[in-house]
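**Q** structure for this input, please:
(chains A and B)
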Amino acid sequence: MPIKDLSPELAPDLAVELGLKPDEYEKIVDILGRVPTVTELYMYSLMWSEHCSYKHSRKALSMFKSDGPRVLQGPGENAGVISVGDGWAVAFKMESHNHPSAIEPYQGAATGIGGIIRDIFTMGARPIAALDSLRFGMLSEARQRYLFEGSVAGIGGYGNCLGVPTVGGEVYFEEAYEGNCLINAMAIGLMREEDLTRAVAAGPGNVVLLIGSTTGRDGIGGASVLASQEFDERAEDKRPAVQVGDPFEEKLLIEACLELLGKKLLVGLGDLGAAGLTSSASEMASRGGVGMDVDVAKIPARELGMKPFEFMVSESQERMLAVVEPEKLAEALAICGKWGLCATVIGEVTDTGRFVVRSGDEVHADMPAATLAHDAPVYDPPRERPSYLDAVQAFDPFAELELPGARGLAGRQEPSGESAENAGSADLGETLLGLLASPNICSRRWIWEQYDHQVMLNTVVIPGGDAAVLRIGDTGRGEMTRRAIAVSSDCNGRYCYLDPYVGAQIAVAEAARNVTCAGGDPAAVTDCLNFGSPEKPEVFWTLYEAVRGMADACKAFDVPVISGNVSFYNESFGRPIYPTPTVGLVGLLDDVERHCTLDFKDEGDVIVLVGESEAELGGSEYLKVEHDLVAGCPPALDLELEKSVQAAVRDAIASGLVKSAHDCSDGGLAVALAESCIAGGIGANVHLTDGLPPIASLFGETQSRIVVTVTDKAAEELVSRLIAAEVPFSVIGSVGGERLVIDGLVDGSLGDDSGDGGNDNDGRLTLVGLVDIMVDDLRDAYEGALERAVRGEVRS
Amino acid sequence: MRFGVVVFPGSNCEQDVVHAVRLLGFEADYVWHQDSDLDGFDAVVLPGGFSYGDYIRTGAVARFSPVMSEVVRFAEKGRPVLGICNGFQILTEARLLPGALLRNRGLKFICRPVHLRVDGSCSWLDLPMGTVLKIPINHNEGNYVCDEAVLSQMRENGQVVLRYCEKDGSSAGAGSAPNGALDDIAGICNERGNVFGLMPHPERVVDPITGGNDGQAFFTTVVRRLAEFES
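**A** Below is the predicted model:
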């Protein structure tokens, strides 16, 4: 058959236009032994784009450890899968949809959910939860409010319709994300281990079935035009490359595909995501070591006059590709029909190893299938430590800022005067209220109340805590267990900007700590690595360091990285975002009844700080809110200490000792205490004896700290366990009353002129009131802040 | 005692309802929307979700599903029918209940536990008047409206079974319902009291580990009343 679309004189130019580099074009010519057709060029350009091939990041990603005793499926499939016990398994993955959302937030975010959910049920798992990790610019900007509101509405609009609960996530607002918001969606699915399905084509003569939506011109070039280039002033012109979602169709696809898989009617199943049919068909064929012959004339088209390449690269949503044995076809088609889904035979599996695209009798592409999926060039981009790091890391907040409460507060302190007892409390209290109302810390209720977070009846701990807890069970089949998973997604991009290696380690540590606070034992990780252009050595260095940090931390916690996604070119007008390696972590609980929440429970409960505060303010929310500074070194992380703190808290929770647990992260100990008071509707009396400057004691973001409460009776037991485990801790107060009252030991010598003061117990440490605020006032600051910001009532 | 739970394309709470009913010790099975046989079912539930995507008025397409004419006949025989959330919307579209449900006043989806006061009784709920329940809502279109004549008629007949209220059962003042519903209406029944529709999700609160047990009464009440009726 004749090959169509050959135009040797135009092909090299088209290749460049499609984003292929000259040597990549030459490699295609080598593979084919001739000039590529238009269709082939489109297909290669997408499959060899950064988004699909990971050609810049692949080598760095090999630092991750991705196997372990629980791992049933590691990276390389649509999602990773781990065993969770009793024959149950969970599949999960996180993926970005940053660029579409920056152009059209509602549809961009909605189709991000659609894509990640398809990755889950493609594995044979029923989607049971979603989490969303979001980054925007400052809400004082109208466009950022539009992007934020639109993205949240899109996530809700799509996820709610599917009946998959959105149980968690995070959001940060930083100038660095102003031109390039981040929408990272994570989905989790549940299955029986034996139902694990892979996206593999096998058995020459088997038919290839396209299920779901019709195919249109929407989303053409999404992976190459949007995801693999940075933004400039022409960004709005890229709107047609954003797909439009149809959650109803997706809901039908979930039900139909799970029924098809349940009845063992499919050889393999793949979803059409980035690069559409090209990607799913070539990946399925190459995994199975077979070929595939597809006739685009058979594909139900959404519009007239579509060219073969358009069918092959369309990113029309809600489509699945299935391989079916001919004798099972009728039954498979009947199930699709029952769900009202369009299902069309568009080709067949061959034994040639070649991917042939025809339109009737005309051949438009004929290439080795494996070369699309696996022969993309692998680069080892140059990397160079960014020049900004020396300057930001050299900043010492204690030396360079007039910090109230250290010199200032103690200076005002009359050594024996009653009148000055609470001299600092008004200032520090205001600071605490300001932090609680900061968009990066305040309650996310405004977001998660727009998401159905309860459907499926397994959500045991709803959003708003450290981690969501989901019971493992299939209400549909009536198979319930006592097991549960705890899930969290985390990444402080500011820390990663200040030190990508430490920042990425902290992302893993914090996700693990959050899961620990819920009672979960960290089991496995997925990630979404959001960075600028890998072709810039200073950006690539940050990716490399972040991956190294994540890999080291994951090894320390013994959690494999089982799936993930890389999103590069997150830049606008040449400015990259903060390095943002988002971590999604799943932990396991043997007994769902032994989960833990962050709210203070009862009068008289003893508050214990597990871990130890240090004088650390670099990268803190305090510096950002009070001094408009993003500077300093992020808090140090000692992985061994972190592990021992988490293990001790986890064991105490599993023994039923602990009444509440909450990690100290953004905003420090004072914010953690306030959040536990707000959630419990009860106050606390706290005495801090760390001897640190009050600002560091209250708002420093030292890692490896968890605030735990126990009953008066259990306190001794907890303390002896912590001593036995050699975990640092201090008993800092008790729950009760209607106020959060924090006193601190302040170094009186800092106030005089001797200059040689310190925290060396020179007898001049004095107990000073630092914070004294009604819980209702804490709540007012914390709860309403995000809605006020969305309404544009906050100026920065 | 066997509940039939109707599954429309796009329903997404049908498993939850079946699970809740079975947890309480009763039988439940799914009824596919193209079936036209409700024989063998003692009560029918239209569950929550987004039937047919709800891309036009909520419930407007579902009411034309084959099963709905059978649901209408079932209701006309006086048998108990419950519509939860999207099910309530479908019951109003099918004219089994008066009024309509518009988009929430704030134009945002709301998923949140709310307090509800029992102001009437029906086949599905006969708790003492004034009882306060805490049950989550989860909808984008729960802003109940009807004309004044219908409202005063419903009030007279005691058809307003549930109203949104404060924690202590008091009214928070006109227009204070989270979705803006007229007269704080959260759930209504027909004149006979056998057809009941409500926006909150009782099936979500039948198990304390996932939020409470205030929803149990709806399913146990209809079972008890059917048993009384038959004896």
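**Q** from now on I want contacts and neighbour counts done on CA atoms only, so please keep to that.
**A** OK.
**Q** and chain A, which residues reach chain B?
**A** Within chain A, the positions adjacent to chain B are A:153, A:156, A:161-163, A:247-249, A:251-252, A:339, A:448-461, A:475-476, A:478, A:593 by Cα under 8 Å from any Cα of the partner chain.
**Q** one more pass at 7 Å, please.
**A** Neighbours of chain B within chain A, by Cα under 7 Å from any Cα of the partner chain: A:161-163, A:248, A:251-252, A:449-452, A:455-460, A:475-476, A:478.
**Q** rank the helices and strands of chain B by mean pLDDT and give me the bottom one.
**A** In chain B, the helix or strand scored least confidently by mean pLDDT, DSSP states H and E is helix B:216-230, which has a mean of 94.
**Q** who touches that helix?
**A** Contacts made with helix B:216-230 from outside it, assessed by Cα atoms under 7 Å, 6 or more residues apart in numbering or on different chains, are listed as B:1, B:21, B:123-125, B:206.
**Q** from those, list the buried ones, please.
**A** If you count burial by 16 or more other Cα atoms under 10 Å in any protein chain shown, the buried members of the contacts of helix B:216-230 come out as B:21, B:123-125, B:206.
**Q** list the buried residues of the least confident helix or strand of chain B.
**A** If you call a residue buried by 16+ other Cα under 10 Å, then helix B:216-230 has these buried ones: B:216-223, B:225-226.
**Q** reduced to three states, what does A:Val686 come out as?
**A** Per DSSP: H, G, I helix; E, B strand; the rest coil, the secondary structure class of A:Val686 is strand.
**Q** show me the beta-bridge partners of it.
**A** Listed by DSSP bridges, the beta-bridge partners for A:Val686 are A:Gly733, A:Ile742.
**Q** in the stretch 601-750 of chain A, what spans have low per-residue confidence?
**A** Residue ranges of the stretch 601-750 of chain A with pLDDT under 70: A:748-750.
**Q** show me where the stretch 51-200 of chain A has helices.
**A** Under the criterion DSSP state H, counting those that start in this stretch, helices of the stretch 51-200 of chain A are mapped to A:58-61, A:98-103, A:105-121, A:142-162.
**Q** possible to save those as JSON lines with mean pLDDT, distance to A:Ala297 and mean neighbour count?
**A** Below are these laid out as JSON lines (pLDDT from 0 to 100; distance: least, Cα to Cα, whole Å; neighbours: other Cα atoms under 10 Å in any protein chain shown):
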{"stretch": "helix A:58-61", "mean pLDDT": "94", "distance to A:Ala297": "36", "mean neighbour count": "16"}
{"stretch": "helix A:98-103", "mean pLDDT": "90", "distance to A:Ala297": "29", "mean neighbour count": "27"}
{"stretch": "helix A:105-121", "mean pLDDT": "95", "distance to A:Ala297": "25", "mean neighbour count": "29"}
{"stretch": "helix A:142-162", "mean pLDDT": "97", "distance to A:Ala297": "31", "mean neighbour count": "23"}
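**Q** and the ones you listed as TSV, adding distance to B:Val195?
**A** Putting the helices of the stretch 51-200 of chain A into TSV (distance: least, Cα to Cα, whole Å) gives the following:
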stretch	distance to B:Val195
helix A:58-61	59
helix A:98-103	44
helix A:105-121	36
helix A:142-162	25
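**Q** B:Ser152 is nearest to which of those helices?
**A** Distances from B:Ser152 to each of the helices of the stretch 51-200 of chain A were compared using Cα to Cα; the shortest belongs to helix A:142-162, at 34.5 Å.
**Q** other residues contacting the closest one?
**A** Residues external to helix A:142-162 that are found in contact with it (Cα under 7 Å, 6+ apart): A:101, A:105-107, A:109-110, A:113, A:136-139, A:247-248, A:251, A:447, A:450-452, A:790, B:12, B:49-50.
**Q** check the offset of that helix from the chain's centre.
**A** Taking Cα atoms, centre = their mean, to the nearest Å, one finds the center of helix A:142-162 at 17 Å from the center of the full chain.
**Q** cool, stretch A:34-47 as well?
**A** Taking the mean C-alpha point of stretch A:34-47 and that of its whole chain, the gap between them comes to 33 Å (Cα atoms, centre = their mean).
**Q** ok, how many other residues are close to the closest residue to chain B within the stretch 501-650 of chain A?
**A** Nearest residue of the stretch 501-650 of chain A to chain B: A:Glu593, at 7.7 Å (Cα to the nearest Cα). Neighbour count for A:Glu593, taken as other Cα atoms under 10 Å in any protein chain shown: 16.
**Q** enumerate every residue touching it.
**A** Neighbours of A:Glu593 in contact, by Cα under 7 Å, 6+ apart: none.
**Q** how does it look with 8 Å?
**A** A:Glu593 sits next to A:482, B:209 when contact means Cα atoms under 8 Å, 6 or more residues apart in numbering or on different chains.
**Q** now tabulate the buried ones among the contacts of helix B:216-230 in CSV and tack on distance to chain A, secondary structure and pLDDT.
**A** As requested, those are arranged in CSV below (distance: Cα to the nearest Cα, whole Å; DSSP: H, G, I helix; E, B strand; the rest coil; pLDDT from 0 to 100):
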residue, distance to chain A, secondary structure, pLDDT
B:Val21, 11, helix, 97
B:Ser123, 25, coil, 97
B:Trp124, 21, coil, 98
B:Leu125, 22, strand, 97
B:Val206, 10, coil, 96
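**Q** which members of those are the farthest-apart pair?
**A** Spatial extent of the buried ones among the contacts of helix B:216-230 (Cα to Cα) is set by the pair B:Ser123 and B:Val206 at 18.5 Å.
**Q** flag every residue of chain B that's near chain A.
**A** So far as Cα under 8 Å from any Cα goes, chain B lies against chain A at B:9-10, B:12-13, B:15-16, B:18-19, B:49-50, B:52-53, B:108-112, B:138, B:204, B:209-211.
**Q** in strands, which of those appear?
**A** Residues of these located in strands (DSSP state E): B:110-112, B:138.
**Q** just send these back as TSV, with neighbour count too.
**A** Written out in TSV, the entries for those read as follows (neighbours: other Cα atoms under 10 Å in any protein chain shown):
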residue	neighbour count
B:Ile110	25
B:Cys111	20
B:Arg112	20
B:Asn138	27
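**Q** what about stretch B:194-214, distance to the chain center?
**A** Its chain's C-alpha centre and that of stretch B:194-214 lie 10 Å apart, by Cα atoms, centre = their mean.
**Q** and it, which residues are buried?
**A** Within stretch B:194-214, the residues scored as buried using 16+ other Cα under 10 Å are B:194-207, B:209-211, B:213-214.
**Q** quick one: low-confidence residue ranges for chain A.
**A** Per-residue confidence of chain A (counting by pLDDT under 70) places the weak regions at A:1-6, A:221-241, A:405-426, A:748-763, A:794-796.
**Q** so it: which segments form each domain?
**A** Residue ranges of the domains in chain A are recorded as A:1-64+A:198-380, A:78-196+A:466-592, A:401-452+A:597-791, according to automatic domain parsing.
**Q** so of the ones you listed, which one's packed in deepest?
**A** domain A:78-196+A:466-592 (a mean of 25; mean count of other Cα atoms under 10 Å in any protein chain shown).
**Q** now the terminal residues of it, how far apart.
**A** Between the opening and closing residues of domain A:78-196+A:466-592 we find a distance of 29 Å, counting by Cα to Cα, to the nearest Å.
**Q** try stretch A:170-178
**A** Length of stretch A:170-178, first residue to last, Cα to Cα: 17 Å.
**Q** how far off centre is it?
**A** The answer for stretch A:170-178 is 14 Å, by Cα atoms, centre = their mean.
**Q** what do you get for stretch A:726-740?
**A** Taking the mean C-alpha point of stretch A:726-740 and that of its whole chain, the gap between them comes to 32 Å (Cα atoms, centre = their mean).
**Q** what does stretch A:15-23 give?
**A** 32 Å.
**Q** all strands for the stretch 551-700 of chain A, in order.
**A** In the stretch 551-700 of chain A, strands defined by DSSP state E, counting those that start in this stretch lie at A:561-567, A:571-572, A:575-576, A:580-589, A:606-610, A:658-663, A:684-688, listed in chain order.
**Q** now tabulate the ones you listed in a markdown table and tack on distance to A:Glu430.
**A** Putting the strands of the stretch 551-700 of chain A into a markdown table (distance: least, Cα to Cα, whole Å) gives the following:
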| stretch | distance to A:Glu430 |
| --- | --- |
| strand A:561-567 | 39 |
| strand A:571-572 | 36 |
| strand A:575-576 | 34 |
| strand A:580-589 | 31 |
| strand A:606-610 | 23 |
| strand A:658-663 | 22 |
| strand A:684-688 | 18 |
